[in-house]
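> Here is a sequence with its predicted model. Questions after.
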Amino acid sequence: MLYDSSVLRLGFYVLIFLIFRYTLIAGIAWTVWYAVKRKKWAYKKIQFEFPKKEDYLREIGYSMITFLIFAGMIMFVKLEQVKPYTWMYREIADYGWVYFAFSFILMLFIHDTYFYWTHRLMHHPRLFKLFHLVHHRSTNPSPWAAFSFHPTEAVVEFSIVLIFIFCFPTHPLAILLFLLFMTVYNVYGHLGFELYPKGFHRHPVGKWMNTSVNHNMHHRYFKGNYGLYFTIWDRLMGTMHPQYEQTFEEVTERKLMPTA
């Protein structure tokens, strides 16, 4: 199975795009919260300590490997031998805008379910070192940790896109919007600061949304809080960390201590 020049060129462009997207979104988050506002907002940090330089470099380095794998998997999908088996369509009019919007929402819920169960499975003692240990070396994650995966985990993470395009009609723009939303929410989850307001975790909608506090606790304690966008599966399966609500309240209720 050979890759022709057009597929190789596509893979290169995809790689550049993935790196650019990551650098832009994670870079803005890091610049604002970890550089420009570091001292002023330090009291808001979920874990008061900041990662070390070597932590940032490790997270960025593994993320570059992740993007190489993502680009390679996209190249595989674009092979002439593979394309006929996909459900990708090019004209939005083929299914209409209502289905287009529905497909995006469907992707989020399918991905959250996929992420919860694969994530929880990768925490099994026999699989953890092989798949997930690299990501958990960031016990106090920064925005750069969003895609810091071992190569085996990178394959698992991107396979959700394969599920989409091989299982139901998907438009490339819907995939792009999904990947953009996923990146933004993933960076937020690893931000190390909570952006949702006080009391959000008790709101009728907010209680079902994953938060930066929630995912930060997962990195810190290695157990519980396995969801990505939502807390639905964690609540259904009893895997919410028992101190989550207390921790969310403590973080969001902090006040800036007056200087002498």
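That came in fine, so what should we check first? Numbers count the residues shown, from 1 in each chain.
> Look up the closest residue to the residue positioned nearest the centre of the chain, ignoring the ones flanking it.
In the chain, the residue lying closest to the centroid (C-alpha atoms, centre = their mean) is Asn186, at 3.1 Å. Ranked by C-beta to C-beta, 6 or more residues apart in numbering and with sequence neighbours excluded, the top spatial neighbour of Asn186 is Ala146, at 4.2 Å. The C-beta positions use only the backbone N, C-alpha and C, and glycine is treated the same way.
> Report how many residues lie close to that neighbour.
By other C-beta atoms under 10 Å, 27 other residues sit near Ala146.
> How about Val205?
7.
> Now do the helices in the protein.
Assigned by DSSP state H, the helices in the chain fall at 5-30, 53-77, 96-122, 128-131, 133-136, 151-167, 172-189, 212-221, 232-237, 244-252.
> of all those, which lies closest to Ala42?
Evaluated with C-beta to C-beta, these place helix 244-252 nearest to Ala42, the distance being 12.8 Å.
> mean confidence score for the closest one?
Helix 244-252 comes out with an average pLDDT of 97.
> so what does it touch, helix or strand wise?
Counting contacts by 3 or more C-beta pairs under 8 Å, 6 or more residues apart in numbering; DSSP states H and E, helix 244-252 is packed against helix 212-221.
> what angle do the helix it packs on and helix 172-189 make?
Counting by axes from the mean of the first three to the mean of the last three C-alpha atoms, to 10 degrees, helix 212-221 lies at 70 degrees to helix 172-189.
> elements contacting helix 212-221?
Counting contacts by 3+ C-beta pairs under 8 Å, 6+ apart, helix 212-221 packs against helix 172-189, helix 244-252.
> contacting residues around the first one?
Which is helix 172-189. Residues from elsewhere that reach helix 172-189 (C-beta atoms under 8 Å, 6 or more residues apart in numbering): 21-22, 25-26, 29, 88, 90, 92, 100, 103-104, 107-108, 111, 143, 146-147, 161, 164-165, 195, 210-212, 214-216, 228-229.
> List buried residues within the residues you listed.
For these, a burial check counting by 16 or more other C-beta atoms under 10 Å picks out 21-22, 25-26, 29, 88, 100, 103-104, 107-108, 111, 143, 146-147, 161, 164-165, 210-212, 214-216, 228-229.
> Return the residues in contact with the closest residue to Trp41 other than its chain neighbours.
Nearest residue to Trp41, sequence neighbours excluded (C-beta to C-beta, 6+ apart): Trp33, at 6.5 Å. Shown in contact with Trp33 (C-beta under 8 Å, 6+ apart): 41, 143, 191-193.
> just so I know, which of the helices and strands packed on helix 212-221 lies nearest Leu133?
helix 172-189 (18.6 Å).
> now that closest one, how far from the chain's geometric center?
8 Å (C-alpha atoms, centre = their mean, to the nearest Å).
> Equivalent analysis for stretch 167-180, please.
The answer for stretch 167-180 is 16 Å, by C-alpha atoms, centre = their mean.
> swap in stretch 139-147?
Per C-alpha atoms, centre = their mean, the centroid offset for stretch 139-147 relative to its chain is 10 Å.
> can you tell me the average pLDDT over that stretch?
98.
> No more questions from me, cheers.
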